[in-house]
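Asks: Next one to model:
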Amino acid sequence: AALLMAVVLFLYLQFGTWEGLLPDLPWFLDVAGHPMIASIVVTASLLGLGYLHYRVRQFAAARVMNWLRHQGDLSIDIKQLLGAFAKNTRFRHSLLRAQPVGWGRRSRKRLHKVIAETDNLVQKLNDKFANPSGTKLSVKSEGKGAV
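Replies: I've put the predicted structure just below:
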């Protein structure tokens with residue numbers, strides 16, 4: 001943002017004249033008087049800003065991915081994270097999405113199923129090996145003649 005402001009200020013200083021603290025741009029009035037030229041200038045400006053936005057976004061995503069790669073060994077989790085991050089920072093995916101790309105109803109159901117199965121397994125292990133009442137269980141000896 002600061003770089004953009006510096007460029008605009010430079011352009012005002014180079015090509016515009018000043019009336020007090022406000023720039024007076026005679027070419028702007030010429031462009032505004034012709035609707036076809038004005039629409040071309042506005043369209044070109046919006047396309048230029050859009051291109052700049054996506055280049056900055058691509059640069060930032062590349063830096064984050066590079067940082068992630070250097071966080072240790074490239075285990076399966078890091079590789080999956082890099083893939084998911086790359087998929088979510090593609091051109092057609094907005095930053096304003098409520099949920100990440102690939103996170104839908106099927107993924108949510110699959111995750112809930114894994115969590116439920118894990119809860120059941122933990123409960124079975126607790127039932128088998130834990131004694132929540134705190135009383136000692138009697139240990140049965142296998143051989144009655146043991147000393």
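
Asks: okay, and the helix or strand of the protein with the least pLDDT?
Replies: One helix or strand of the chain scores below all others by mean pLDDT, DSSP states H and E: strand 22-24, with a mean of 64.

Asks: and the helix or strand where Lys79 lies, how far from the chain's centre?
Replies: Lys79 belongs to helix 76-88 when assigned by DSSP states H and E. How far helix 76-88 lies from its chain's middle: 11 Å, per Cα atoms, centre = their mean, to the nearest Å.

Asks: ok, and what's touching it?
Replies: Residues outside helix 76-88 that contact it (Cβ atoms under 8 Å, 6 or more residues apart in numbering) are 61, 64-65, 68-69, 71-72, 93, 97, 100-102. (C-beta placed from N, C-alpha, C; glycine too.)

Asks: Show me which pair in those is furthest apart.
Replies: Gly72 and Arg97 (28.5 Å; Cβ to Cβ).

Asks: Just the contacts of helix 76-88: which are in helices?
Replies: Applying DSSP state H to these, the entries found in helices are 61, 64-65, 68-69.

Asks: Could you export those residues as TSV, including pLDDT?
Replies: As requested, these are exported to TSV (pLDDT from 0 to 100):
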residue	pLDDT
Ala61	90
Val64	90
Met65	89
Leu68	84
Arg69	84
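
Asks: Quick check: which helices or strands does the host helix or strand of Val42 pack against?
Replies: If you go by DSSP H and E, Val42 is part of helix 35-69. Counting contacts by 3 or more Cβ pairs under 8 Å, 6 or more residues apart in numbering; DSSP states H and E, helix 35-69 packs against helix 26-32, helix 76-88.

Asks: Repeat the analysis, applying 10 Å as the threshold.
Replies: helix 2-15, helix 26-32, helix 76-88 (3 or more Cβ pairs under 10 Å, 6 or more residues apart in numbering; DSSP states H and E).

Asks: Burial check on Val41, number of neighbours?
Replies: 14 (other Cβ atoms under 10 Å).

Asks: Please report how far it lies from Pro26.
Replies: Distance of Val41 to Pro26, given as Cβ to Cβ, to the nearest Å: 15 Å.

Asks: mind listing what Lys113 touches?
Replies: Neighbour list for Lys113: empty [criterion: Cβ atoms under 10 Å, 6 or more residues apart in numbering].
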